[in-house]
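What would the 3D arrangement of this be:
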Amino acid sequence: MFDTLTDRLTSVFSGLRSKGALTERDVDEAMREVRMSLLEADVNFRVVKDFVARVKERCVGAEVLQSLTPAQQVVKIVHEELAALLGSPSPLNLGGQPPFVIMLAGLQGSGKTTTAAKLGLLLRKQKHVPLLVAADTYRPAAVDQLIALGKQLDIATYNEGTKAKPQQIAANGLRQARETGKTVVILDTAGRLHIDQPLMEELRDIERLTKPDEVLLVADAMTGQDAVRAAEEFHRNVDITGLVLTKIDGDARGGAALSIRAVTGVPIKFLGTSEKPDGLEAFHPDRLVDRILGMGDVMSLIEKAQESFDEEQAKSLQKKMRTATFDLEDFLNQVQSLKKMGSLTGILEMIPGMRGTLKGAGGIPDLDGKEFKRIEAMITSMTKEERHNPQMINGSRRRRIARGSGTSIQDVNQLLNQFKDMQKMMKSMMTGKKRIPKAMRGLMG
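Residues are numbered from 1 along each chain as shown. Okay, the predicted model is just below:
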């Protein structure tokens, strides 16, 4: 979502670094570029005006102009002010006596139903026992969708179809949660194509009956400033306690994410990062700013890796790399673990400096699945013996693997050659010789 903004800001800061000492005029020109970058990213114009004024005021002082590294000081100030713009981390308020109630509100199409299921999965990982309540009776598919997602994720769902009143469904769902020992109730309420009085009255009724611990507004980040205006309107009518920005992985310009907290005063609590069930993450302003400024996001990368990789497997893999016994079966396991972490392009961009390296090498490659699917198909078309001992794969075996995976013999040859180079690279790394074989570049994208 922030690719264009990241590129523009990176270019501005690179220009400053090339100057060495900075003058007030240099700062003015840089701030003009920053202002244009933010406006083109669809950030609210009042937010941009205040932000640039604060940054400029700090940059023309002794803190920057008399510094030994003025360009780095400018980046530091922009980083701090962006983080301040996005607010502080705001975890869910789930203190006290369960069951806790989380009510989701938002316009139709913002992603409330999928967010309800994702939030249920996230809370279950935190040792809660969630109950999803289908209180959106105006869109019949919403009830069916929530039931299907509940079955898929093995999360209990409460519904009364589409005939009962949403207020009654919410109250009855809360009662069932108490009776069945659920610790969190997630209410999926109705949305509209636009904000109207009946919708707000219904939400206020549900709020009065269930007394939610959190009222989260689900806003589609792809809609830009429309999401900001909708958030303002909802907050005027209902006591919104937090925001969930969905479709943050889309190709919109990202202005909503940078504006909505400053305009509404409501903290962002979660980001919807993908369509996958685990595509919801707690919002950390400093991490998002790191991504926007092209600095990577090491903490999120570590957390994703901890969720996806088994500690015992990691120790076993390390031993195999040390003893040069890493085979295609191990490689397949690593590919499948990487896929659990989400988009590979997104993972690479979390590594500090990797975005600039990839762009310098001719652009960021599309690593989101196609190549890995081909590799996975070829390896799964091999016998277990062939995976453990790739040297035994002769011409006839290569033809069989190509037919079984829907690829060509050349593709199979390429995979085996690249894997051989990967083994050499691992061996050289373990012996302190870190030169990467040339053919290895193919496997790296």
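
Show me the shaky parts of the chain.
Residues of the chain that meet the criterion pLDDT under 70 lie in 1, 20, 62-68, 250-254, 294-324, 337-369, 425-445.

how about the strands in the stretch 1-150 of the chain?
For the stretch 1-150 of the chain, the strands defined by DSSP state E, counting those that start in this stretch occupy 100-105, 130-135.

To clarify, my last question referred to the stretch 251-400 of the chain.
Here the stretch 251-400 of the chain has its strands, by DSSP E, counting those that start in this stretch, at 268-272, 280-282.

Show me how far stretch 258-271 is from its chain's centre.
From the chain centre to the centre of stretch 258-271 is a distance of 16 Å (C-alpha atoms, centre = their mean, to the nearest Å).

Please apply the same query to stretch 16-35.
For stretch 16-35, the distance to the chain centre is 32 Å (C-alpha atoms, centre = their mean).

Report the contact partners of Leu107.
191-195, 219-220, 230 (C-beta atoms under 8 Å, 6 or more residues apart in numbering). In this view, the C-beta of every residue, glycine as well, is placed from N, C-alpha and C.

ok, back up a step: in a markdown table, list the strands of the stretch 251-400 of the chain along with distance to Arg35 and mean neighbour count.
Shown next, in a markdown table, are those (distance: least, C-beta to C-beta, whole Å; neighbours: other C-beta atoms under 10 Å):
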| stretch | distance to Arg35 | mean neighbour count |
| --- | --- | --- |
| strand 268-272 | 23 | 23 |
| strand 280-282 | 30 | 19 |
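
Hmm, Lys56 is touching Val27, no?
Yes - the pair Lys56 and Val27 passes the contact test of C-beta atoms under 8 Å, sitting 6.6 Å apart.

which neighbours do these two share?
If you check Lys56 and Val27 against C-beta under 8 Å, 6+ apart, no residue is contacted by both.

hmm, back to that, quick one: which of the strands of the stretch 1-150 of the chain is nearest Leu416?
Leu416 lies closest, by C-beta to C-beta, to one member of these: strand 130-135, at 46.4 Å.

Show residues contacting that closest one.
The contact list for strand 130-135 (C-beta under 8 Å, 6+ apart) reads 99, 116-117, 119-120, 123-124, 142-143, 146-147, 149-150, 155-160, 166, 169-170, 173-174, 176-177, 180, 182-190, 206.

hang on, the earlier thing: between the contacts of Leu107, which has the most around it?
Neighbour counts for the contacts of Leu107 peak at Ala219, which has 29 neighbours (criterion: other C-beta atoms under 10 Å).

And the helix or strand that contains that residue, how far out from the chain middle?
Per DSSP states H and E: Ala219 is located in strand 214-220. Chain-centre distance of strand 214-220: 17 Å, with C-alpha atoms, centre = their mean.

now do stretch 235-247
19 Å.

And for Gly242, nearest residue in space, chain neighbours not counted?
Distance criterion C-beta to C-beta, 6 or more residues apart in numbering; nearest residue to Gly242, sequence neighbours excluded, is Lys269 at 3.7 Å.

mind listing what the residue of the chain positioned farthest from its centre touches?
For the chain, the residue at maximal distance from the C-alpha centroid (C-alpha atoms, centre = their mean) is Ser396, at 44.0 Å. For Ser396, the contact set (C-beta under 8 Å, 6+ apart) is empty.

The strand holding Ala219 packs against which elements?
Under the contact criterion of 3 or more C-beta pairs under 8 Å, 6 or more residues apart in numbering; DSSP states H and E, strand 214-220 touches strand 100-105, helix 225-237, strand 242-246, strand 268-272.

ok, now with 6 Å
strand 100-105, helix 225-237, strand 242-246 (3 or more C-beta pairs under 6 Å, 6 or more residues apart in numbering; DSSP states H and E).

Could I get the ones you listed in JSON lines, plus columns for distance to Met382?
Formatted as JSON lines, the helices and strands packed on strand 214-220 follow (distance: least, C-beta to C-beta, whole Å):
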{"stretch": "strand 100-105", "distance to Met382": "46"}
{"stretch": "helix 225-237", "distance to Met382": "48"}
{"stretch": "strand 242-246", "distance to Met382": "40"}
